[in-house]
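Engineer: what follows is a predicted protein model with its sequence.
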Number of protein chains: 4
Amino acid sequence: MSDIDTLTELFMRFPGIGPRQAKRFVFFLLRQDAGYRNALTRAITDVVSNIKRCEQCLRFAPLHAQKPICNLCADSSREKNLLMVVEKDTDIDQIEKSDSYNGQYFVLGGTLSLTGKKGFIREKELFSHFKKQDSFAEIILALSATPDGEYTTDYLQTKFKEDEHVKEASVTILGRGLSTGSELEYADADTLTQALKNRA
Amino acid sequence: MSDIDTLTELFMRFPGIGPRQAKRFVFFLLRQDAGYRNALTRAITDVVSNIKRCEQCLRFAPLHAQKPICNLCADSSREKNLLMVVEKDTDIDQIEKSDSYNGQYFVLGGTLSLTGKKGFIREKELFSHFKKQDSFAEIILALSATPDGEYTTDYLQTKFKEDEHVKEASVTILGRGLSTGSELEYADADTLTQALKNRA
Amino acid sequence: MSDIDTLTELFMRFPGIGPRQAKRFVFFLLRQDAGYRNALTRAITDVVSNIKRCEQCLRFAPLHAQKPICNLCADSSREKNLLMVVEKDTDIDQIEKSDSYNGQYFVLGGTLSLTGKKGFIREKELFSHFKKQDSFAEIILALSATPDGEYTTDYLQTKFKEDEHVKEASVTILGRGLSTGSELEYADADTLTQALKNRA
Amino acid sequence: MSDIDTLTELFMRFPGIGPRQAKRFVFFLLRQDAGYRNALTRAITDVVSNIKRCEQCLRFAPLHAQKPICNLCADSSREKNLLMVVEKDTDIDQIEKSDSYNGQYFVLGGTLSLTGKKGFIREKELFSHFKKQDSFAEIILALSATPDGEYTTDYLQTKFKEDEHVKEASVTILGRGLSTGSELEYADADTLTQALKNRA
């Protein structure tokens, strides 16, 4: 196998990349100057060396100099007794960008699967997190509004009630209804039902 | 202009239909038997004769035999003191299909436009409706979650406060948040802000 | 079933129209004035009365006053000994718009199907056409460059060789190669092979 | 700027990659094991070291051990007096995959631009290539069937006539017509004109 094919196959593992685009990446790299290519390999190496899982929220981030936690977990100005459980690292970026939350995070790593295939959540890590932390007044289960997300939300709500560290916490889910920009004509029945129930 | 072109141009005025599909409609009709074509022209005539604007909610519908109102407005089992204001006739179908509402309706006919172009609402008809009806305990402004929809909602809320017949009514809007099926990763900042604010 | 539902279901048989758009057509008609609606039903009736299958090329068209043939078949300035066989009526419009052909047409009505389902061509009518007409110097099989189109082309070429009226005719197919606007990068192997074979 | 942002920005320069997908690439890399990440950086380095521009056809490829040319240019079984001029390296892959050509190649590097913006071709290199090589019996200008491609084809045809090394060569372009899978109904007028002209 040629070096072009080797690199093409490695790029094909990138999320959402097929053979044609993978090959285009290779020729793109060949046409770049050494400056860009060195910057790229260095940046890959740097990311791997400097970005680690925060031991508290479990997201990938540059860690604090003294403690193995990220800047959000280390930020003493953030509310300590409010926890948001999200599926993915990038969900935290989305929430932070919306500038509407100032509490703690925990990255669940995925959802359970209703159909049984490849579901995964960091359940053990979540409950051991509860044990180590001060108790939370509120836990927001900010999972996707999909069947798998709702199934996982139900599952965790049941588990929380049985756990001595969080059974007193208020457990909430994100508001459901019309998303920004949506018209009634294209809304599904379930969204309309939620939007009506949650009218205010 | 040939008869084919004449009919093609008339079909091109149908919403969302371009010249190619309009012409395909014409050839489709030519290939159908007389039974279908007669059913079609008869159904067009029937719709026009039998479907009128309900004088109460202003939607197009078959009207009651004795009174010029539709079956929803005539239905005495529906709550009388709850009104939902929607933009379009088809919005009522959507809400009815969701089976989550049992009050009255009013079709506003559109929204105001922030940019000034072609905005339209049945404002006069709405307030004269308030004058004629018994007072409403709640008015739900079920407009689109778009800039024009929100602008119209704001406008009407202000007007309601000044109107003697509805100033006591509770005025609500549909719940905002994650729509069914949506993932955090693809949600916009405003939807996330609303979803967080409306968590429950 | 209400008149709205009846008309909606009839519109749903239009090619490419689903339930949502069919209903939108109905409400569109309700909002139009009587002038448009009358023009529409009249145009449907007119198309059906005035547009017939040309007895020569079998396309739908307004027929000549004296003879049951269309304007193209009646046009004595068009080449008589050149025939193009197409699948659909609208294919003739496309060819005429390109202004690159001045012979006769025959509408085959479809293609045979390689998978056996719902294939249809006017084979009998085509060969009886050959019997009635003066002989053609060239017959262009202008069918789709799809598996079904090519299968039909092969089938007809074989049949032509066995038919006493056309076995002397030159039988051609449309040129194959890069279509206008296409780039090599997105061309499939077969198109490239044809484009190379047909280079000039 | 964090290491995540640095790498995200470098991935954003990849062809067709926006900020969201670039960031997804970064998190994808963080989740991979060291084996994959090392293979990737090594493959990038290897491609850069081992893949060079062939001095004859100017495509990127592993070069011959003794001579600075690629395997296609070094292959003595390929026809020597037949040259195909293509826009991009990947065009050669496409042609080779179609298994319908066995001559020489030259990568032009792009097309001239009708609108004047960022057009580029290796004109000087092409003519100096003609000077160095034995004369070609045929030169195939295999450029895109786009306005820029056709403009470049016209430009080179004129230049070829004035060049003493190629003015005797037969200059051809790829066949134009229906591409595989296309139907007449969706073909544009120019493609139909070409398909008719090139019928066979």
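Structural biologist: Yep, that arrived. Numbers count the residues shown, from 1 in each chain, chains lettered A, B, ... in the order given.
Engineer: the nearest residue to A:Phe60 once chain neighbours are set aside sits in which helix or strand?
Structural biologist: Among residues not flanking A:Phe60 along the chain, D:Leu30 sits closest, at 4.7 Å (CB to CB, 6 or more residues apart in numbering or on different chains). Where C-beta positions appear, they are placed from N, C-alpha and C, glycine not excepted. Per DSSP states H and E, D:Leu30 falls inside helix D:19-31.
Engineer: quick one: contacts of that helix?
Structural biologist: The contact list for helix D:19-31 (CB atoms under 8 Å, 6 or more residues apart in numbering or on different chains) reads A:14-16, A:44, A:47-48, A:51, A:60, A:88-90, A:93, D:4, D:7-9, D:11-12, D:14, D:17, D:37, D:40.
Engineer: strands - which of those residues land there?
Structural biologist: If you go by DSSP state E, these have A:51, A:60 in strands.
Engineer: just the buried ones among the contacts of helix D:19-31, please.
Structural biologist: For the contacts of helix D:19-31, a burial check counting by 16 or more other CB atoms under 10 Å in any protein chain shown picks out A:14, A:44, A:47-48, A:51, A:60, A:88-90, A:93, D:4, D:7-8, D:11, D:14, D:17, D:37, D:40.
Engineer: sort out for me which of these are in helices.
Structural biologist: The helices, defined by DSSP state H, take in A:44, A:47-48, A:89-90, A:93, D:4, D:7-8, D:11, D:37, D:40 from those.
Engineer: quick one: the strands in chain A?
Structural biologist: Assigned by DSSP E, chain A shows strands spanning A:51-53, A:60-62, A:82-86, A:104-107, A:138-141, A:170-173.
Engineer: dump those to a markdown table, plus mean pLDDT.
Structural biologist: Putting the strands of chain A into a markdown table (pLDDT from 0 to 100) gives the following:
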| stretch | mean pLDDT |
| --- | --- |
| strand A:51-53 | 95 |
| strand A:60-62 | 94 |
| strand A:82-86 | 97 |
| strand A:104-107 | 97 |
| strand A:138-141 | 97 |
| strand A:170-173 | 96 |
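Engineer: between the ones you listed, which one is closest to D:Ala189.
Structural biologist: strand A:82-86 (53.7 Å; CB to CB).
Engineer: and the gap between the residue nearest the centre of chain A and chain C?
Structural biologist: The residue lying closest to the centre of chain A (CA atoms, centre = their mean) is A:Lys88, at 1.5 Å. Distance, A:Lys88 to chain C, by CB to the nearest CB, to the nearest Å: 33 Å.
Engineer: now do that residue against C:Ile51, distance only.
Structural biologist: Distance, A:Lys88 to C:Ile51, by CB to CB, to the nearest Å: 59 Å.
Engineer: likewise for A:Gly119?
Structural biologist: 60 Å.
Engineer: and for A:Asp75?
Structural biologist: Taking CB to CB, one finds A:Asp75 at 75 Å from C:Ile51.
Engineer: for the closest residue in space to A:His64 that isn't next to it in sequence, give me the pLDDT.
Structural biologist: Leaving out its chain neighbours, the residue that sits closest to A:His64 by CB to CB, 6+ apart is A:Ala74, at 4.7 Å. Here, the pLDDT recorded for A:Ala74 equals 95.
Engineer: now A:Ser135
Structural biologist: Confidence at A:Ser135, expressed as pLDDT, is 85.
Engineer: looking at it, it is touching A:Asn81, isn't it?
Structural biologist: Yes - at 7.2 Å, A:Ser135 counts as touching A:Asn81 under the criterion of CB atoms under 8 Å.
Engineer: do you know how far A:Pro19 is from A:Thr8?
Structural biologist: 7 Å.
Engineer: how about A:Tyr186?
Structural biologist: In this view, A:Tyr186 and A:Thr8 are 40 Å apart by CB to CB.
Engineer: with A:Ala65 instead?
Structural biologist: Shown here: A:Ala65 relative to A:Thr8, a distance of 40 Å by CB to CB.
Engineer: swap in A:Gln133?
Structural biologist: Going from A:Gln133 to A:Thr8 by CB to CB gives 46 Å.
Engineer: how far does the helix holding D:Leu30 sit from the chain's center?
Structural biologist: Chain-centre distance of helix D:19-31: 29 Å, with CA atoms, centre = their mean, to the nearest Å.
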